[in-house]
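S.K.: build me a model from this:
(2 chains)
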Amino acid sequence: ETGVTQTPRHLVMGMTNKKSLKCEQHLGHNAMYWYKQSAKKPLELMFVYNFKEQTENNSVPSRFSPECPNSSHLFLHLHTLQPEDSALYLCASSQDVAGESTDTQYFGPGTRLTVL
Amino acid sequence: QKEVEQNSGPLSVPEGAIASLNCTYSDRGSQSFFWYRQYSGKSPELIMSIYSNGDKEDGRFTAQLNKASQYVSLLIRDSQPSDSATYLCAVDRGSTLGRLYFGRGTQLTVWP
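M.R.: Numbering: from 1, shown residues only, chains lettered A, B, ... in the order given. Next up, the predicted model:
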């Protein structure tokens, strides 16, 4: 089992629903990430948080809203999604050290989202 | 031009053979390189990281990096059926530490 947990593991929602994905890391890292993985596509970075501050929003539609209350927890709030948003949503964490090389990102198990 | 390119495969090798996975990248400023393994329906798990030109060995796995050619590879010796998975190459953005580009992945099948 990894040090990054995600809930729920599976989620089916309608286009008018509001739901949230949760991620928690137990590794003492200072950076957390949301990725989207669709079939036959590379992993797409969505959001990055360093020390609870959002440092990157990779042109993600506003129907996805991240929240990072502390360095260990990360949420992705979902509302009025589209069927094309169905994908595996992965959370990752790393220990970013300013001025050093990029450290390894550790992934959670993911949430398989289906939008009907 | 894609930031990270991998042969999508599928790559099929017999048990005990050497599997060779290749990756090229476009950002000359990239400094950190990773290979992740992803089983079907699971999340990526780190296999190897490499930061300097040359070879890095860890058990049956060897990562090779050539920054001049913008090329990174992963060799799996004595391949086992349990190695059957998709292998993702990840490269950092030279301009922004901590941000990774991922390739589409190479699907490897090791048959008994």
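
S.K.: which element, helix or strand, includes residue B:75?
M.R.: Under the criterion of DSSP states H and E, residue B:75 resides in strand B:71-76.

S.K.: neighbours around residue 84, how many?
M.R.: Here I'm looking at chain A. 8 (other Cβ atoms under 10 Å in any protein chain shown). From N, CA and C alone the C-beta is placed, and that goes for glycine too.

S.K.: the intended chain is chain B.
M.R.: The burial count for residue B:84: 19, using other Cβ under 10 Å.

S.K.: surely it meets residue B:108?
M.R.: Yes: with contacts counted by Cβ atoms under 8 Å, residue B:84 reaches residue B:108, the gap being 6.0 Å.

S.K.: so how far is the strand holding residue B:75 from its chain's centroid?
M.R.: Between the mean C-alpha location of strand B:71-76 and the chain-wide mean there is a distance of 6 Å, by Cα atoms, centre = their mean, to the nearest Å.

S.K.: that one pairs with which strands?
M.R.: strand B:19-25 (antiparallel), strand B:61-66 (antiparallel) (DSSP bridges).

S.K.: turn the ones you listed into JSON lines, columns for mean pLDDT.
M.R.: JSON lines is the format used below for these (pLDDT from 0 to 100):
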{"stretch": "strand B:19-25", "mean pLDDT": "96"}
{"stretch": "strand B:61-66", "mean pLDDT": "97"}
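
S.K.: which positions in chain B make contact with chain A?
M.R.: B:4, B:31-32, B:34, B:36, B:42-46, B:49, B:51, B:88, B:90, B:92, B:97-105 (Cβ under 8 Å from any Cβ of the partner chain).

S.K.: among the residues you listed, which are in helices?
M.R.: The members of the residues of chain B next to chain A all map outside helices under DSSP state H.

S.K.: and residue B:56, how far from residue B:89?
M.R.: 14 Å (Cβ to Cβ, to the nearest Å).

S.K.: longest strand in chain B, by residue count?
M.R.: The longest strand of chain B (DSSP state E) is strand B:85-93.

S.K.: can you list the helices and strands that that one packs against?
M.R.: Under the contact definition 3 or more Cβ pairs under 8 Å, 6 or more residues apart in numbering or on different chains; DSSP states H and E, strand B:85-93 sits against strand B:4-6, strand B:19-25, strand B:33-38, strand B:71-76, strand B:96-102, strand B:106-111.

S.K.: that one to strand B:106-111, inter-axis angle?
M.R.: 150 degrees (axes from the mean of the first three to the mean of the last three Cα atoms, to 10 degrees).

S.K.: contacts for the strand holding residue B:75, please.
M.R.: B:18-25, B:33, B:35, B:47-48, B:50, B:60-66, B:83, B:87, B:89, B:91, B:108 (Cβ atoms under 8 Å, 6 or more residues apart in numbering or on different chains).

S.K.: following the lowest-mean-pLDDT helix or strand in chain A, which helix or strand shows up next?
M.R.: The weakest-scoring helix or strand in chain A, judged by mean pLDDT, DSSP states H and E, is strand A:53-57 (a mean of 73). Per DSSP H and E, strand A:53-57 leads on to strand A:64-70 as the next helix or strand towards the C-terminus.

S.K.: around residue A:44, how many other residues sit close by?
M.R.: By other Cβ under 10 Å, neighbour count at residue A:44 equals 16.
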